[in-house]
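Engineer: show me how the following folds:
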Amino acid sequence: MVMHVNVTSCGSDVETVDAEETWNAVHLLSALPRLFVGGESCSARIFFGIVELTRNTTLADIGVRDGDSLMIVKTRPPKALTTKEADVRIWSMASGKCSLELQGHTGRVFSAAFSPDGERVVTASADGSARLWSAISGQCELTLAAEGGMVASAAFSRDGDSVVTAHEDASVKIWSTRSGSCERVLLGHWKYVVSVVFSIDGDQMLTASMDTNAKVWSAAGAQCMLTLIGHTDCVNSAVFSPDRSQVLTGSADGSVRIWSLPSGECTQMISVCVDGICSAAFSPDGKLFVTASVDNVAKIWCLANRNCVLALDGHEDCVNTAVFSPDGSIVLTASSDGTARIWSSDCGRCLHVLEKDQGDMEWACFAPM
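Structural biologist: Residues are numbered from 1 along each chain as shown. The predicted structure is shown next:
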C-alpha cells in the first residue's frame with residue numbers, strides 16, 4: 001500500500017514522499033534528496049513521535065499512516081578509534097582517514113574508550129598506566145598510574161566523572177577523572193582482569209578475567225553482586241545488553257554465553273570457534289551480536305535463534321575486536337593482520353580498510369553519536 005508521508009527536518013524544510021508501508025529507514029532515506037538528509041558528511045535518524053524508524057522496523061510497524069509526518073534528525077557520522085602497539089588513532093568515518101593520533105604510552109595499548117560526550121578518550125596500556133586524552137586536541141590530560149602491573153581495560157562512567165580500570169594483579173580500580181586519585185579498589189577475581197565496562201545507566205560494572213569468570217559489581221558500593229561461572233578458559237570479553245537484562249561473554253574456550261540478569265543463569269551457549277573468541281558485542285537494539293575470533297573471521301549472530309546470519313571474512317589473521325556502530329548499520333573490526341575494516345551489517349560486504357601496516361591492530365571502538 002502506497003501512502004503520502006511528510007518528512008520534516010529540524011529546520012523548516014518539508015518533503016512529501018510516496019512510501020510503501022513496508023519501507024524501513026533505509027528505504028525512506030534513499031527516497032529523500034541527499035541534501036535534505038544532510039549530504040555526505042551527515043547521517044540521519046527518523047522518528048515518528050518518540051518512536052524511531054530503524055532498519056529493522058517498517059512504517060507500518062511504528063504506526064505510520066497516510067498523511068502522517070515524521071521528523072528527520074541529522075547527525076555527524078561517528079568517529080572511530082583504533083589501537084596498534086603504543087599508538088592510538090581517531091578516524092573520521094566520513095573520509096575514512098586518520099584525524100588524530102594519541103601518542104605517549106611506552107607499552108602496547110590494549111583498549112580505549114570514548115567518554116559519553118565523545119570529547120575525551122581513556123586508554124589502557126601494558127606500561128602500567130591509563131591515560132585520559134582530549135579527543136579534540138590529542139593532548140594527554142591525566143595519567144592514572146598505580147601498582148598492579150599492566151592495565152588491560154578502561155572505561156568511563158555514565159557521567160564521565162569516573163574511570164574504571166582492570167589490572168594484571170586481578171584488581172579493578174575506580175578513579176576520579178578530575179583529581180586523578182584512585183577512589184576504590186575492587187577485589188574478587190584471582191587472575192588478570194582483562195575487561196571492564198559500565199552498564200548504560202552507570203549503576204553496575206562488569207568484569208571478565210583469566211580466572212574463567214565474569215562478575216557483576218555495584219558501581220556505588222563497589223561490591224560483587226554476581227559471579228557468572230561456566231566458561232572453561234579465560235573470559236576475554238563481557239558486555240551488558242542495551243536493556244541490561246542480559247550479559248554476553250566471549251571466551252578462549254571457543255564459546256559465547258548469554259546470561260540472564262539478575263539471576264545469573266546461563267540461558268544460551270554457542271560454540272563459535274575452537275581456537276577461541278577474542279571479543280563479543282551486542283548491536284544497539286540488542287537483537288544481534290558480533291563475535292571476533294582467532295580463526296580470522298568476525299560473525300554476526302541472531303540472538304533469538306542463535307543462528308549466524310553473516311560471516312565477515314577478509315582478515316588474514318586473528319580478529320581481536322568487532323563492534324557495531326551506534327546506529328547498527330556497520331561493524332568495525334581490528335585484526336592482527338594490521339588492518340581495521342568497516343563492514344556493512346546488512347550484507348557483510350567490506351566497505352573500507354582503514355589501515356594496512358605491520359603490527360597487531362589490538363582494539364577498535366566507535367564514539368557515541
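
Engineer: so after the helix or strand of the chain with the lowest mean pLDDT, what's the next helix or strand?
Structural biologist: Every helix and strand of the chain was ranked by mean pLDDT, DSSP states H and E. The lowest is helix 34-37, at a mean of 46. Next helix or strand after helix 34-37 toward the C-terminus (DSSP states H and E): strand 43-48.

Engineer: which parts of that following strand are buried?
Structural biologist: For strand 43-48, a neighbour-count test (16 or more other CB atoms under 10 Å) marks 43-46, 48 as buried. Placement of C-beta: from N, CA and C, glycine included.

Engineer: make CSV from those and add distance to residue 217 and pLDDT to it.
Structural biologist: As requested, the buried residues of strand 43-48 are arranged in CSV below (distance: CB to CB, whole Å; pLDDT from 0 to 100):
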residue, distance to residue 217, pLDDT
43, 35, 65
44, 37, 75
45, 33, 80
46, 37, 88
48, 38, 91
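
Engineer: which one of those is nearest residue 362?
Structural biologist: Residue 362 lies nearest to residue 43 out of the buried residues of strand 43-48, by CB to CB, at 27.1 Å.

Engineer: rewinding a little: turn the buried residues of strand 43-48 into JSON lines, including distance to residue 184.
Structural biologist: Formatted as JSON lines, these follow (distance: CB to CB, whole Å):
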{"residue": "43", "distance to residue 184": "38"}
{"residue": "44", "distance to residue 184": "41"}
{"residue": "45", "distance to residue 184": "37"}
{"residue": "46", "distance to residue 184": "42"}
{"residue": "48", "distance to residue 184": "44"}
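
Engineer: between those, which sits nearest residue 264?
Structural biologist: residue 45 (34.6 Å).

Engineer: contact partners for the closest one?
Structural biologist: Residues in contact with residue 45 (CB atoms under 8 Å, 6 or more residues apart in numbering) are 25, 52, 72-73, 75, 327.

Engineer: once you drop chain neighbours, what's closest to the spatially most central residue of the chain?
Structural biologist: The structure's the chain has its C-alpha centroid closest to residue 323; by CA atoms, centre = their mean the separation is 4.7 Å. With CB to CB, 6 or more residues apart in numbering as the criterion, residue 323 has its nearest non-adjacent residue at 4.9 Å, and that residue is residue 281.

Engineer: what's next to the host helix or strand of that neighbour, contact-wise?
Structural biologist: Assigned by DSSP H and E, residue 281 belongs to strand 277-282. Contacts to strand 277-282, defined as CB under 8 Å, 6+ apart, come from residues 236-237, 239, 241-242, 248-252, 254-256, 288-294, 303, 318-324.

Engineer: what subset of the residues you listed is buried?
Structural biologist: Buried, going by 16+ other CB under 10 Å: 236-237, 239, 241, 248-252, 254-256, 288-294, 303, 318-324, out of the contacts of strand 277-282.

Engineer: so which of those belong to strands?
Structural biologist: Within the buried ones among the contacts of strand 277-282, residues falling in strands by DSSP state E are 236-237, 239, 248-251, 255-256, 288-293, 319-324.

Engineer: from the chain's centroid, how far away is the strand holding residue 281?
Structural biologist: From the chain centre to the centre of strand 277-282 is a distance of 10 Å (CA atoms, centre = their mean, to the nearest Å).

Engineer: also stretch 51-63?
Structural biologist: Put simply, stretch 51-63 sits 23 Å off its chain's centre (CA atoms, centre = their mean).

Engineer: buried stuff in stretch 47-54?
Structural biologist: Quick answer for stretch 47-54 (16+ other CB under 10 Å): 48, 52-54.

Engineer: check stretch 136-145 too.
Structural biologist: In stretch 136-145, the ones that count as buried by 16+ other CB under 10 Å are 138, 140, 142, 144.

Engineer: let me know the secondary structure of the third one.
Structural biologist: The reference is to residue 142. Of the three states, residue 142 takes strand under DSSP: H, G, I helix; E, B strand; the rest coil.

Engineer: who's in contact with it?
Structural biologist: 131-132, 177, 180.

Engineer: rerun that using 10 Å as the cut-off
Structural biologist: Contacts of residue 142 were listed using CB atoms under 10 Å, 6 or more residues apart in numbering, and they are 120, 122, 130-133, 163, 175-180.

Engineer: pull out the buried residues from the residues you listed.
Structural biologist: 120, 122, 130-133, 163, 175, 177.

Engineer: from those, which two are the most distant?
Structural biologist: With CB to CB as the measure, no two of the buried ones among the contacts of residue 142 lie farther apart than 133 and 175, at 14.5 Å.

Engineer: low pLDDT regions in the stretch 201-350 of the chain?
Structural biologist: Scanning the stretch 201-350 of the chain for pLDDT under 70 picks out no residues.

Engineer: next one: residue 6 from residue 120, what distance?
Structural biologist: 40 Å (CB to CB, to the nearest Å).

Engineer: what pairs with the helix or strand where residue 123 lies, and is each one parallel or antiparallel?
Structural biologist: Taking DSSP H and E as the definition, residue 123 sits inside strand 120-125. With DSSP bridges as the test, strand 120-125 is paired with strand 109-114 (antiparallel), strand 129-134 (antiparallel).

Engineer: so for the last one, mean pLDDT?
Structural biologist: The predicted model gives strand 129-134 an average pLDDT of 97.

Engineer: verify the contact between residue 141 and residue 180 for me.
Structural biologist: Yes. Counting by CB atoms under 10 Å, residue 141 sits close enough to residue 180 to count as a contact (9.3 Å).

Engineer: which residues do the two both contact?
Structural biologist: In terms of CB under 10 Å, 6+ apart, residue 141 and residue 180 are both contacted by the residues residue 132.
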